Each structure stands twice: as structure tokens, then as C-alpha cells.
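Participant: Need coordinates for the following:
(4 chains, ligands or ions: 4)
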Protein chains: 4
Amino acid sequence: MEASEIQSLIAKSREALTFAYCPYSKFKVGAALLTKEGKVFTGCNVENVSYPLCICAERTAIVKAVSEGYREFKAMAIATELPDTFASPCGACRQVLLEFGSNYDIFLTKPDMTYVKMTPAELLPLGFTPNLLLEPPNQDSS
Amino acid sequence: MEASEIQSLIAKSREALTFAYCPYSKFKVGAALLTKEGKVFTGCNVENVSYPLCICAERTAIVKAVSEGYREFKAMAIATELPDTFASPCGACRQVLLEFGSNYDIFLTKPDMTYVKMTPAELLPLGFTPNLLLEPPNQDSS
Amino acid sequence: MEASEIQSLIAKSREALTFAYCPYSKFKVGAALLTKEGKVFTGCNVENVSYPLCICAERTAIVKAVSEGYREFKAMAIATELPDTFASPCGACRQVLLEFGSNYDIFLTKPDMTYVKMTPAELLPLGFTPNLLLEPPNQDSS
Amino acid sequence: MEASEIQSLIAKSREALTFAYCPYSKFKVGAALLTKEGKVFTGCNVENVSYPLCICAERTAIVKAVSEGYREFKAMAIATELPDTFASPCGACRQVLLEFGSNYDIFLTKPDMTYVKMTPAELLPLGFTPNLLLEPPNQDSS
Ligand SMILES: [Zn+2]
Ligand SMILES: [Zn+2]
Ligand SMILES: [Zn+2]
Ligand SMILES: [Zn+2]
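Facilitator: Ligands and ions are numbered 1, 2, ... in the order given. Predicted coordinates:
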């Protein structure tokens, strides 16, 4: 991706953050997901009084895309308001990112628009991958 | 709501179902959420090889709406392909529905477009409600 | 169940609450689950910095029992420190309670040991039940 | 840890797997968690008709320990029946493992008792750690 394209995606993740519904944590997170076709889906965290039912910004963006028919992704940018920490996806979101591919760009960003670039495979080393359950176990043996 | 408006919402939930990503359960679910402003957000289930990371159609619709700035809802229709069962939200989705209001219409539908109408409060009797954690416990005592 | 047996189960749910790991919500919850065989499993909430990965007291008690080979339940008591509110399970926990039976006693308690008694079926009206996915849909039609 | 101690923990994770409640995936997983004090807590997966409410073996073991007052861990072994794949925790479980420490042994095992050893920090590179929300953001700046 070109630098301007990356900065645009990060900017969209920062705008998305403003929609966060987070009365419990007060911790706003935004995400912007770029599909293979060039469409962008944004997400924010949506919390719940029962904490286990909170949903993260990254997964919000993913399910939005999938529910509109998009399943192939080129990149995601993730944003928080923490000034000195690159916004890092939680383990649950990493697993959902991996479901749709092991090798696309995930930008962990700071408010100053700097970033660290990772892939789903790097975020989840030795990851539990989709094919494990879809292939019958007994086909694994040689 | 008028009958035609309800039928239109149910139709949208049935269309949404076609986008379901459900390679594990093969069980397609769709939802259509009508906001106070008259906008409709659709959702489908988005599964994961790690089952706890699956997300339901109802919650997909809710987080889509919230991530676009909509938090007040008028109605939701839920659809599956089960011919003889009204599509019923799971407990997790009921809790998320309740977060945004106790008294709006939830249509549990069948493929023949018939439905049962419930409210979030009816779906979760004596529900664990948002204000429980937002209000300090010691203000409860008289 | 006899009154003394109920009070004993409630007392155990209150003791269980003291083990809660809840640095984020500061909201302690306890549960005590009585199996058909007369064994009691206790649970507390176990939170996580990523809120969606928090686990409730009720589900902690259930998975403990199942992991020791117990799947048939007679009753559960749920406790919090809220003085004036009967401790009510969230929707996610209601769904997990329903997985193991629709008709056993769930005691929603207050610190003064008073309670409201419900069943999983009452807590989740028109609930999404285990047999829906285990039976092939096309066997539903008559 | 000594080899015999590791083999014993793996053996316990394999026994735990037999209790799995997994009518939906038919995929049995077991876990055995060793606390700092030398106590072992076992876990299995406990599934639900609503897939998002499934709970993994690893988290079952963790919440059991915490609910009995144990929060410091020395090692966990994870087992499945896949003959040729080291049992790998999903992202959600990795996040829960990390909540209780970044540097203890996680044994990803095969039925033949061979294993790969990882730490929570290695399983979740650049992980979203507990102190992020517990420390006020504005204390991060130098
Ligand atoms: Zn997340
Ligand atoms: Zn649901
Ligand atoms: Zn709960
Ligand atoms: Zn897991």
C-alpha cells in the first residue's frame, strides 16, 4: 500500500472511534477495514453492562463487511486515544482477523498517525486456523 | 408499525441471511434493524473456527448501527431457514438488545413471513439492565 | 428443595463471590451450582482487560461442573453485593443454563438471603434450545 | 520444569479432554493448569447451541483456578485428538492466559505426548495487556 492510502485508512479508523459506545470502560477504539475491492468498513467498540457481551471495534468492522458480502481483506487500521501505545487488537479479534486470511496488513496506530504493521499470522503465531475443523482429522495423517 | 412496514423489515432480514458466513454450523441467520430515524441496518451470523468467537446476526446489525451513530431502535426482525420455528435470539443477543432499550419490537419470524412480536424486556425477564453498573450501588439504599 | 438447603446454597454463592477477579468493574458476583448428585460447584466472575473475554460467575460454576463430569443440575444460587437488587443472570449465562435443562431452580438472591426463584425456561422465554441445531431442520416438517 | 512433571501435566490434559461437552463441533479439547502452589486444575470445552457461548478448555481451567483463589500459574498443557497438530489455543484463550502473566509455560501437545512450549507473551506478540486499562492513560507520557 502507498503511504497516502495508509494514512487515509488510519484517518478513517480515528473518525470511527468517535462513535464508540463505551460507558463502562470509557476507552474508545476505532477500526477501518479495507476490502480487496477497495471498499472501507469502519467499526467502533460497542459495550454492554454484561462485559462479556462487549464487542470490539475490529470485529465490528469485520462483521459489517461480511454482512455486506465482502470477505477478502487488504488491510485494517486500529486506533485508540492512548498517546504512547500502538493500538493492539485483543486475542479474540486476532482470531477473527485470521479467519479471513493470514497475510494482510494490520496497522496498529498511535494518535500521531505512526504505526506498526503486522499480519494476522504474526499476531497469532502457531494460530488455530480455519482448516483445522473444516478438514476431517483423519485426513491429516499421511 | 404498519403491516407493510413489518413485512418489509422481515423481507430485509431474509435477504441479509444470504450473506451468512457459517461454514461450521451451516445455519444461516439474518437480522434487520430499524432505527428511530427510519434507517435499516442488516446483519448475518459470522462464524469462526473457534466457536466462542462466532457473532450472531442480531449483534452484527446492532454494532453496524451503533458504529454509524445510531443508538435508538424501533424494531428488529430475525430470520432463519427453519420452516417451522420462529427465529429466536440467543441469550447473548437478548442482552445486547436490552442495552439499547427495553421496549421496542423484536419480530421472531418464519420463512413464510409470519412472526411473534416480543420486546427486549419480555425476552429477558428481570433482566440485568444497563443502569445497574452505571449507578453506584450505595445510591440504591434508602 | 427444603428451606435450609436453599439457604446453604445461597451462603455458598456468597462465599464464592469473595474470589471474584474484577479489577475492571469492581463488581463481585458469586454462584453456587447444585448437581443432581448433590455436589456443589462454586463460581465467581473472572474479568479481562479485553472486556469481551470476561467470564461470569454463573458460567464459571457450570463449566467447572461439566469439566468434572457433571451435567445434570438441580439448582443454582447467584449473589452480588447490591443491597436492593436480586442478582440476575445476564443473557449469555441464561443461554448456558438452558443448555443443561429448562426446568431447574435458579435463585436470584440479595445479600439478606432473600430470593426470587426462576427456571432457565422462564429466564429465556421462547428460548433458542439445544435441539434446534442437533436435529436436522428438514425433520421438523410434518 | 522437569520432564516427568511436564509429562504428568500433559497426561492430565488428555484425561480432561474426555469430559468435553461438544455435541456441535465433536472436537474434544482438554487443558491442565499448574498453579504456583503446585495444584492442578483441569478443563474441557463446554459448547452451546448458540456457538458464541461455547467456552474453551483453557479458559475453563483458568476460571476454575481463579474461583478457588489461585491466580498465579506455572504452566498449562493443552490437548486435542488431532494426531498431527500441536493443540494451539485460540486468540480468546491467549488473551485470558496473558491476563495472569506473560511468562509461564504453555505446552501445545500432540496425542503422542510431544509438545511445543510457548509463553503467553509469545502467543500474543505486542499483546493488549492488563495494565493498559488499569493505569490512567495520561501517566504514560514522559
Ligand atoms: Zn478485540
Ligand atoms: Zn445470538
Ligand atoms: Zn453472565
Ligand atoms: Zn479458546
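
Participant: CA only for contacts and neighbour counts going forward, please
Facilitator: OK.

Participant: Spatially, and excluding backbone neighbours, which residue is closest to the residue nearest in space to the middle of chain A.
Facilitator: Central residue of chain A (C-alpha atoms, centre = their mean): residue A:58, 3.5 Å from the mean position. Excluding its sequence neighbours, the residue lying closest to residue A:58 (C-alpha to C-alpha, 6 or more residues apart in numbering or on different chains) is residue A:31, at 5.4 Å.

Participant: So that neighbour sits against residue A:76, correct?
Facilitator: Yes - if you go by C-alpha atoms under 8 Å, residue A:31 and residue A:76 touch, sitting 6.8 Å apart.

Participant: Those two - which one has more neighbours?
Facilitator: residue A:31 (34 against 29; other C-alpha atoms under 10 Å in any protein chain shown).

Participant: contacting residues for that one?
Facilitator: A:12-14, A:16-17, A:42-44, A:57-58, A:61, A:76-79 (C-alpha atoms under 8 Å, 6 or more residues apart in numbering or on different chains).

Participant: So which of these sit within helices?
Facilitator: A:12-14, A:16, A:57-58, A:61 (DSSP state H).

Participant: Now the residue nearest to residue A:58, what are its backbone angles?
Facilitator: For residue A:31, the backbone dihedrals (degrees, to the nearest 10) come out as phi -150, psi 150.

Participant: Close to chain C: what parts of chain A are there?
Facilitator: For chain A, the residues in contact with chain C (C-alpha under 8 Å from any C-alpha of the partner chain) are A:24-25, A:50-56, A:90, A:92.

Participant: repeat that for 7 Å
Facilitator: A:50-55, A:90 (C-alpha under 7 Å from any C-alpha of the partner chain).

Participant: Burial check on residue A:37, number of neighbours?
Facilitator: 10.

Participant: Tell me if I am right that it is in a helix.
Facilitator: No - counting by DSSP: H, G, I helix; E, B strand; the rest coil, residue A:37 is not part of a helix but coil.

Participant: In contact with it: list those residues for me.
Facilitator: If you count contacts by C-alpha atoms under 7 Å, 6 or more residues apart in numbering or on different chains, residue A:37 has none.

Participant: pLDDT score for residue A:129?
Facilitator: Per-residue pLDDT puts residue A:129 at 82.

Participant: how far away is the residue nearest to residue A:58 from chain D?
Facilitator: 15 Å (C-alpha to the nearest C-alpha, to the nearest Å).

Participant: beta partners of that residue?
Facilitator: residue A:43, residue A:78 (DSSP bridges).

Participant: so what's residue A:91 closest to, chain neighbours aside?
Facilitator: Excluding the flanking residues, the one nearest residue A:91 by C-alpha to C-alpha, 6+ apart is residue D:91, at 4.0 Å.

Participant: Would you enumerate the residues in contact with that neighbour?
Facilitator: A:91-92, A:94-95.

Participant: ok, 10 Å please
Facilitator: Contacts for residue D:91 (C-alpha atoms under 10 Å, 6 or more residues apart in numbering or on different chains) come out as A:90-96, A:98, A:123-125, A:127-128, B:50, B:53, D:97, D:123-124.

Participant: Please, where are all the strands along chain A?
Facilitator: A:29-35, A:40-44, A:73-80, A:105-109, A:115-118 (DSSP state E).

Participant: For those strands, give me a markdown table that also has mean pLDDT and distance to ligand 1.
Facilitator: Shown next, in a markdown table, are the strands of chain A (pLDDT from 0 to 100; distance: least, C-alpha to the ion, whole Å):
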| stretch | mean pLDDT | distance to ligand 1 |
| --- | --- | --- |
| strand A:29-35 | 98 | 10 |
| strand A:40-44 | 98 | 10 |
| strand A:73-80 | 98 | 10 |
| strand A:105-109 | 98 | 13 |
| strand A:115-118 | 98 | 15 |
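
Participant: Ok, which of those comes nearest residue B:106?
Facilitator: strand A:40-44 (24.1 Å; C-alpha to C-alpha).

Participant: Residue numbers of chain A in contact with ligand 2?
Facilitator: Neighbours of ligand 2 within chain A, by C-alpha under 5 Å from the ion: none found.

Participant: Looking from ligand 2, tell me which residue of chain A is nearest.
Facilitator: residue A:53 (10.3 Å; C-alpha to the ion).

Participant: neighbours around that residue, how many?
Facilitator: 24.

Participant: Bridging across strands, which residues link to residue A:109?
Facilitator: Beta-bridge pairing for residue A:109 (DSSP bridges): residue A:115.

Participant: any idea how far it is from residue A:43?
Facilitator: 15 Å (C-alpha to C-alpha, to the nearest Å).

Participant: And these two? Which one has more around it.
Facilitator: Each of residue A:109 and residue A:43 has its neighbours counted (other C-alpha under 10 Å); residue A:43 has more, 36 against 26.

Participant: so that one makes contact with residue A:34?
Facilitator: No - look at residue A:43 against residue A:34 with C-alpha atoms under 10 Å: they stay out of range, at 11.7 Å.

Participant: where do the contact lists of the two overlap?
Facilitator: Joint contacts of residue A:43 and residue A:34 (C-alpha under 10 Å, 6+ apart) are A:61-62, A:65.

Participant: possible to save those residues as JSON lines with distance to chain D, pLDDT and neighbour count?
Facilitator: JSON lines is the format used below for these (distance: C-alpha to the nearest C-alpha, whole Å; pLDDT from 0 to 100; neighbours: other C-alpha atoms under 10 Å in any protein chain shown):
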{"residue": "A:61", "distance to chain D": "18", "pLDDT": "98", "neighbour count": "28"}
{"residue": "A:62", "distance to chain D": "16", "pLDDT": "98", "neighbour count": "28"}
{"residue": "A:65", "distance to chain D": "19", "pLDDT": "98", "neighbour count": "25"}
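
Participant: and of those residues, the nearest to chain B?
Facilitator: Distance to chain B across the shared contacts of residue A:43 and residue A:34 (C-alpha to the nearest C-alpha) is lowest for residue A:61, with 8.0 Å.

Participant: hang on, isn't the closest one packed against residue B:67?
Facilitator: Yes - Residue A:61 is within contact range of residue B:67, at 8.6 Å (criterion: C-alpha under 10 Å).

Participant: Quickly list what's touching both of the two.
Facilitator: By C-alpha under 10 Å, 6+ apart, the residues touching both residue A:61 and residue B:67 are A:16, A:30, A:41-45.

Participant: Pull out the buried positions in stretch A:61-70.
Facilitator: The neighbour-count check on stretch A:61-70 (16 or more other C-alpha atoms under 10 Å in any protein chain shown) flags A:61-68, A:70 as buried.

Participant: Of the residues you listed, which belong to helices?
Facilitator: Per DSSP H, the buried residues of stretch A:61-70 map to helices at A:61-67.

Participant: about what we covered before: name all residues that make contact with the residue of chain A closest to ligand 2.
Facilitator: Contacts of residue A:53 (C-alpha under 10 Å, 6+ apart): A:46-47, B:59, B:92-93, B:95-96, C:51-55, C:90-92, D:52.

Participant: Would you mind trimming these to those in range of ligand 3?
Facilitator: Residues of these in contact with ligand 3 (C-alpha under 5 Å from the ion): residue C:90.

Participant: now, which of the contacts of residue A:53 sits nearest residue B:86?
Facilitator: Among the contacts of residue A:53, residue B:93 lies closest to residue B:86 (C-alpha to C-alpha), at 15.5 Å.

Participant: do you know how far the closest one is from ligand 1?
Facilitator: Here residue B:93 is placed at a distance of 18 Å from ligand 1 (C-alpha to the ion, to the nearest Å).

Participant: wait, doesn't that residue sit right on residue B:55?
Facilitator: Yes - between residue B:93 and residue B:55 there is a contact under C-alpha under 10 Å: 9.3 Å.

Participant: Report the set of residues contacting both of the two.
Facilitator: Shared contacts of residue B:93 and residue B:55, counting by C-alpha under 10 Å, 6+ apart, come down to residue D:50.

Participant: rewinding a little: give me the buried subset of the ones in helices among the contacts of residue A:31.
Facilitator: Buried by 16+ other C-alpha under 10 Å: A:12-14, A:16, A:57-58, A:61, out of those.
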